Structure formats: structure tokens, C-alpha cells
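Peer 1: Provide a 3D model corresponding to the input given below.
(chains A and B)
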Number of protein chains: 2
Amino acid sequence: MYELIKRDGLTKRGRFTTVHGVIETPVFMNVGTAAAIKGAVSTEDLNRIGTQVELSNTYHLHVRPGDEVVKKLGGLHKFMVWDKPILTDSGGFQVFSLAGLRKIKEEGVHFQSHIDGRKIFMGPEESMRIQSNLASTIAMAFDECPASTKDRDYIEKSVARTTRWLRRCKTEMERLNSLPDTINPDQMLFGINQGGILEDVRIAHAQAISELDLPGYAIGGLAVGESHEEMYRILDAVVPHLPLHKPTYLMGVGTPANILEAVERGVDFFDCVYPTRNGRHGHVYTNQGKLNLFNAKYELDDRPIEEGCQCPVCQKYSRAYIRHLLKAKEMLGMRFCVLHNLYFYNTMMEEIRQAIEEGRFKEYKKQKLAGMEQTKNV
Amino acid sequence: MYELIKRDGLTKRGRFTTVHGVIETPVFMNVGTAAAIKGAVSTEDLNRIGTQVELSNTYHLHVRPGDEVVKKLGGLHKFMVWDKPILTDSGGFQVFSLAGLRKIKEEGVHFQSHIDGRKIFMGPEESMRIQSNLASTIAMAFDECPASTKDRDYIEKSVARTTRWLRRCKTEMERLNSLPDTINPDQMLFGINQGGILEDVRIAHAQAISELDLPGYAIGGLAVGESHEEMYRILDAVVPHLPLHKPTYLMGVGTPANILEAVERGVDFFDCVYPTRNGRHGHVYTNQGKLNLFNAKYELDDRPIEEGCQCPVCQKYSRAYIRHLLKAKEMLGMRFCVLHNLYFYNTMMEEIRQAIEEGRFKEYKKQKLAGMEQTKNV
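Peer 2: Down below sits the predicted model:
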């Protein structure tokens, strides 16, 4: 299912075949939290900007419109009109970051919806059932993402529970995939490595979950407040203990520099809200650094966001026009910036794949970072 | 310049040739107030939904980004990346409806910007200079749009001043068009008929301004609070006194029913914010009536907004998905509804043109209205 095509140092150039098509890795998944890319971007647009995988959030969709509704409408692919792969997270991260008052027990978590305050219970089985209703290509395991401020004792107990939850996820997913009315009986489960910034806990956990022989593994609980150096140290430690011949997914990461560093350490799946969130604030990525299009110096700038960029926005519209739209609070300005930023990320991944294939990843990384550090005006 | 191709009763099927291309009438101009269609719709999108003319607002663009900025960037066409006709209003209506504290004098109007409160003066010459900087295809005369609550004495004096202002507009536009650095030396001026709901004042004013032999004439000051019946009565009275062989533009109108009634009375240019504003509120037009997509009954409705509709939204997305987007406050929901609504209006105008050509406008109008009155659930 996962073919390791080429390595260049520790980097992995992979090809992951799913029922919804092939994913060429390293890949950046484009985040559409509530089954839509924020910034008025549709799945039709995603097809124009090189998106391979769309990522939606289980917790958000469970709360609204409800996973039963999505199931009745034929699953997320039919709902959003997207025939390529979709990855759904497990809801775990949102339960711990967004939801109100919560209580963690062995069976799962009791919490309150951030929308209407109603009480919800979610454990491994519930998360799998919701994701099975959504019928994503890849489902993520239900885990706890402990705050990095927690002590060793808390983290060790949390990780042990996450391992027990993972076994329950696997059992439940196998059961769900065997039911006659399941929309995607080929739904895959990825395990998630946790352990805060404690290398020994991370490594032991990676080894334990690798034994379950799942189709892919993620590293969770990073990019949640620790320094970049701590994140890279954990990646140095843990990636070698995850299966080489399966996808390695670093959840919620990150800046272009973070991605380049993580690719160098063997990661091949990424997702992050940065390109969409930054775009909505008029911050756009270029190979010469990030630009803040609200800046007065773009008032009369008739160049595209990035000269030579092949995205649908740079093909037609100027910095001056987009700046005006942003200043006038016209949604179109956000849409343009989000489209450009996602195209920039997707294109960077394509460049990364090519650089790995051609055995020049280190050189590519160095050049890309040097270029992007030219402008620091955001 | 304006060719009257066919009449069916009082209806006019015209062809208006401009330096930015041909406008087939009756036409609905798509409103992009601040050089953008509200709801994240771009000029590239307009090309996909059958838009013939884009309309922008002089007052808004004068205040932000400034007409001097737009001129330096090559004019509105280059700024927005739109090569078809653009009509700009004169700013008059916004000065009287949006701006703060104002004082009307013979030379023009002193008022405060609704954005930052700064003092602005606008008279016929200033409006023409701003519109010349914007370099639209069609500029509108600077007029006063008196409140319909004003008495006969006020309205008669106001209309007389509007006539004097129109002569000044014409003189100034001719001067501007002759300058060497004018972006569009072929910019056209349309006069505007006023007179509230006083038929005799309207008729006398229509006759007076017709003598100026301008390339087109608008009827302003309607759809500002009077009843539909009063509007139709004024159209019955005044349209016959405007030149038959020039475009007749009913400003700011209206619902599909308003447009059908006005076409029947000989109007051939329209503009209105309804399709965009309603779209942003989830209200969408169909041949079976308007739908409110927030309604719970669409939760599981996997049909497009309108079955058989060829718009880019109906070709792919369901009512259930759009309802979810609107409920989740995803901008994409607004974008979809605005795109569909503009397509609906543009398509209705195409149907109207064909019906006039085929001498069956009355029959078409009757069927269209009967269909749209089926559902009254907004």
C-alpha cells in the first residue's frame, strides 16, 4: 500500500495507494475543518491548486452537521464533492483544546460542545463510529494529547491509556468495516505516537504501537507550544522507531521551514492551518519570504503576489488590487490569499518530491530557506 | 451605438456597442460596489456566469482606495482584470444615502466620508473627474436623489438643479475625454431622470435632458421606498419621453418581478444588490420561487439549488452541503449562493432577450412569474 520509492538521507519519497487514489509523498494535506476550506475555497478550487488530500475534523463535523447527516448524504466525499483521499482526525485534539469542562476516564472523555454546550461522550469506539459515518479514506486513532506542562507521571499514564485506546480503535474499526452498510469498508486507521517531549516515553510508545501493524503512523502532541528545537529533537529520536515502509505523519505542522526540517528527518505527511489562517489575514507566502499585503507599500504594486507563480490568483490579479480588497474587507481578498498560500504549500511539496527523487534534497532545502528568509516583514 | 433590434409591445431588445464590447439588452449589470462582487466572487467568476456589465460605485472607490490610485494602476478594467463594459454611478446616491452631515449648494455637496469622517466636496465636475480616473465605460451624471417624502416645491427645485448639473457634467466629461492622459477618451455619459413620484415633473425633466443628446438615459430615484405600483406608474409615464433609440436604465431595480414589469414598459438596463445581498443571507432564486437555505428542511436535501440549472454551483453541490456551510458560517456558503443568484439573474435576462426576439415576451413573463410565485418561504 505504501511504496518507498526513494530515500535521500533520511527523507522518504513515497507512494501511498488508497481506494480514493494515489498520494505522492511528502504531501501537505489541505485543511477543511468543517468540510470546507476557510476563505471561500471549494473542492473544485482544490483541484486547480494541486491538492492531493483534504483533511476534515471529526469533532467539528460530529457537532455540526452531525456525522449521521453526512452518512445519510453518502459520506464526506459525496457531501463535499471530492473524489480524492480525505483524512479525518479523531476528535481527540479538539476535545482537549476546544471543548468546555471535560472529564477523562478509561472508557473515554465526557465534555461539552463548544457550539451549544451540550454534553458529549467520546471514546475510541465513538470516534471510530463517527469517522466510519464520515467515510474518510484515513481515520485517525482516538488519543489524548496531554499538555506539555504535565509531569512525567501524568504523561506516562496518559500514553499507556492512549495505547489501550488504540487497540480498541483497531478492533472497532475492523468491526465497522465489516458491516454491510458501511460506506467505505476499506477505511484505514493510523496510530498516533504521544509522549510530550520525553524521548524515552516517545520511543517506547512508538515501538508499542508499531506492533499493531497499522497502515500508517502519526506523531501527535508536537507544535503545541514547545520550541522548534525540541520538536526536531523529538523527531530525531522517534521517527527511526516508526515503520519505514509506512507513511509517517507529523500532525499540525507547520511553517515551510518546519516541513523542510521534518522531511529531512523522514516525515512524509503534514497538515497545518497556517496557509489558510495566514491567508485570511492577508499574509502570503513567496519564495522571497512572507508578505503582509495590508502594508502600504503594496498600494500601487501591480505585480502578482509572486512573479512567475502559476496559481490562479497570480495569473491575473495584482498585489495592489488584493491589498485594496483586504482593506475594504471584501471576502474576495481572503479567498485570493488562501488560494495562493495553499498553492504555495502544495507546490513546495512537489518541489520536495522532485528534489528527493533527484538526490538533491539538502541543496533544495538550503536554497528554499535562504530565499524565504530574505523578507521578514510580517 | 444603440441598435434597436426588436420590439414586442413596448419592450426593447437592443444592442449597445461600446469600446469594451457589445451589451445585449435587456441586461442586468452585476454590482461590485468596491471593485469586487461581495461574497468572494471575482471577475474570473463573472466570466463563467454570463455577466455582460460590471457596475462599481464612484463614492466607495473615491474614498477607498482612491480614484487617483486606480488611475495610476491603469483604471478599473486593469485594476479588477475585467475587459468587458463597466458602468460607474456618479456617487450622488451614496452621498445622499450613506454619507454623514451634508450641505447641498449650487456648486455641489459638502459631506463627510462614512469611513473616516473626513470632509469631502463633490459636484458635477468632481464626479466626472473621479469617473474619468476610474475610466469606466459608462459614467453616470451627478444628480440629487431627493427623498420621496419631500414636497413638490423641494422636488421641482432639486430637479432643476439636477438639470443644470447635467449640463456641467456633459461639459466636463467632454473636456476630460479630450485630455491626452485620459485612460478612456471614449467614456460615455448617461443622464438621470428625477422627479420623485410626480409624473408631470418626471416628464418635463425627461424632455429637458433628452435634448442634451446623451448616449443613454437612466431613471433614478425609484425603488427608494415608494410602492411597486407607484414605480410602475412612473415608468408608464416617463419611459415614452426618453429616447427610444438609446438605452433606458432603471437604477437600483430590482426583484425578478420588478425587472419583468419594467422590461415590459421599455427599460433595458438594470442593476440591483438583491442577488448578492440575498445570496449572502442564504436566500437563493429558483424558477419555483426563492428558497431560504437555512431552513431545516434542506438538511438532507441532496438536490442542487435548482435542478437543471447550469451554474457552476448547481453543477456540483447540494442544498444540504450549502445549508451546512451557511450554518457553520463558512464563507464558501455565501460564495455559492451569490454565484447561483447572479447566474439566475443573468440567465433570466437572456431568456427575456430571446422571448422578445421571438415575440412572446408577455407569455414568458406570465410563466416566469407564475413559477416564481409557487414557493413563498423566505
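Peer 1: CA atoms for contacts and neighbours, from now on please.
Peer 2: Fine.
Peer 1: what's the local residue count around the closest residue to chain B within the stretch 151-300 of chain A?
Peer 2: Using C-alpha to the nearest C-alpha, A:Leu300 is the residue of the stretch 151-300 of chain A that sits closest to chain B, at 6.6 Å. Residue crowding around A:Leu300 was assessed by other C-alpha atoms under 10 Å in any protein chain shown; the count is 17.
Peer 1: dump the residue contacts of the residue lying closest to it once chain neighbours are set aside.
Peer 2: Closest residue to A:Leu300 apart from its sequence neighbours, by C-alpha to C-alpha, 6 or more residues apart in numbering or on different chains: A:Ala320 at 5.4 Å. Applying C-alpha atoms under 8 Å, 6 or more residues apart in numbering or on different chains to A:Ala320 gives the contacts A:Tyr298, A:Glu299, A:Leu300, A:Asp301, A:Asp302, A:Arg303.
Peer 1: quickly find the element holding the last one.
Peer 2: Following DSSP states H and E, there is no helix or strand that holds A:Arg303.
Peer 1: how about the one 3 residues further on?
Peer 2: Assessed by DSSP H and E, A:Glu306 sits outside every helix and strand.
Peer 1: now swap in A:Leu189 and tell me
Peer 2: If you go by DSSP H and E, A:Leu189 is part of strand A:188-193.
Peer 1: what lies in contact with that strand?
Peer 2: The contact list for strand A:188-193 (C-alpha under 8 Å, 6+ apart) reads A:137-141, A:143, A:166, A:170, A:173, A:202, A:205-206, A:209, A:214-220.
Peer 1: in strands, which of the residues you listed appear?
Peer 2: The strands, defined by DSSP state E, take in A:Ile138, A:Ala139, A:Met140, A:Gly216, A:Tyr217, A:Ala218, A:Ile219 from these.
Peer 1: want to throw these into a markdown table with distance to chain B and neighbour count?
Peer 2: Shown next, in a markdown table, are these (distance: C-alpha to the nearest C-alpha, whole Å; neighbours: other C-alpha atoms under 10 Å in any protein chain shown):
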| residue | distance to chain B | neighbour count |
| --- | --- | --- |
| A:Ile138 | 21 | 22 |
| A:Ala139 | 22 | 26 |
| A:Met140 | 23 | 26 |
| A:Gly216 | 30 | 25 |
| A:Tyr217 | 31 | 26 |
| A:Ala218 | 28 | 24 |
| A:Ile219 | 29 | 23 |
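Peer 1: quick one: which of those is nearest B:Val19?
Peer 2: The shortest gap between B:Val19 and any of the ones in strands among the contacts of strand A:188-193 belongs to A:Ile138, at 54.7 Å (C-alpha to C-alpha).
Peer 1: correct me if wrong: that closest one contacts A:Leu87.
Peer 2: Yes. Counting by C-alpha atoms under 8 Å, A:Ile138 touches A:Leu87, with 4.6 Å between them.
Peer 1: if we can go back for a sec, parallel or antiparallel, which strands does the strand holding A:Leu189 pair with?
Peer 2: strand A:138-140 (parallel), strand A:216-219 (parallel) (DSSP bridges).
Peer 1: show me the one of these that comes nearest B:Thr182.
Peer 2: B:Thr182 lies closest, by C-alpha to C-alpha, to one member of the strands paired with strand A:188-193: strand A:138-140, at 59.0 Å.
Peer 1: residue contacts, A:Asn20?
Peer 2: Quick fix: residue A:20 is His, not Asn. Residues in contact with A:His20 (C-alpha under 8 Å, 6+ apart) are A:Asp83, A:Lys84, A:Pro85, A:Thr137.
Peer 1: can you give me phi and psi for the residue nearest the centre of chain A?
Peer 2: Geometric centre of chain A, nearest residue: A:Asp271, 2.2 Å, by C-alpha atoms, centre = their mean. With angles defined as degrees, to the nearest 10, A:Asp271 sits at phi -150, psi 150.
Peer 1: for it, give me its contacts.
Peer 2: A:Phe28, A:Met29, A:Asn30, A:Val31, A:Leu55, A:Leu250, A:Met251, A:Gly252, A:Val253, A:Gly254.
Peer 1: quick one on the thing from earlier: just how off-centre is the strand holding A:Leu189 within its chain?
Peer 2: With C-alpha atoms, centre = their mean, to the nearest Å as the basis, strand A:188-193 stands 13 Å off its chain's centre.
Peer 1: for stretch A:141-149, same thing?
Peer 2: Relative to its parent chain, stretch A:141-149 has a centroid offset of 16 Å by C-alpha atoms, centre = their mean.
Peer 1: now do that stretch, average pLDDT.
Peer 2: Averaged across stretch A:141-149, the pLDDT comes to 89.
Peer 1: next: stretch A:92-112.
Peer 2: Stretch A:92-112 shows an average pLDDT of 86 in the prediction.
Peer 1: then stretch A:158-173?
Peer 2: Stretch A:158-173 carries an average pLDDT of 98.
Peer 1: same question, stretch A:273-289
Peer 2: 97.
Peer 1: pull out the buried positions in it.
Peer 2: A:273-289 (16 or more other C-alpha atoms under 10 Å in any protein chain shown).
Peer 1: can you tell me which of those residues are in strands?
Peer 2: With DSSP E as the criterion, strands contain A:His283, A:Val284, A:Tyr285, A:Thr286, A:Gly289 from among the buried residues of stretch A:273-289.
Peer 1: pretty sure the last one contacts A:Phe344?
Peer 2: No. With the criterion set as C-alpha under 8 Å, A:Gly289 and A:Phe344 do not qualify as a contacting pair; they are 11.5 Å apart.
Peer 1: how close does the residue of the stretch 251-378 of chain A found nearest chain B get to B:Arg64?
Peer 2: Relative to chain B, the nearest point of the stretch 251-378 of chain A is A:Leu332 (3.7 Å; C-alpha to the nearest C-alpha). Remark: distance between A:Leu332 and B:Arg64 (C-alpha to C-alpha, to the nearest Å) = 16 Å.
Peer 1: who has more neighbours, these two?
Peer 2: When A:Leu332 and B:Arg64 are compared for neighbours, A:Leu332 comes out ahead with 24 against 17, by other C-alpha under 10 Å.
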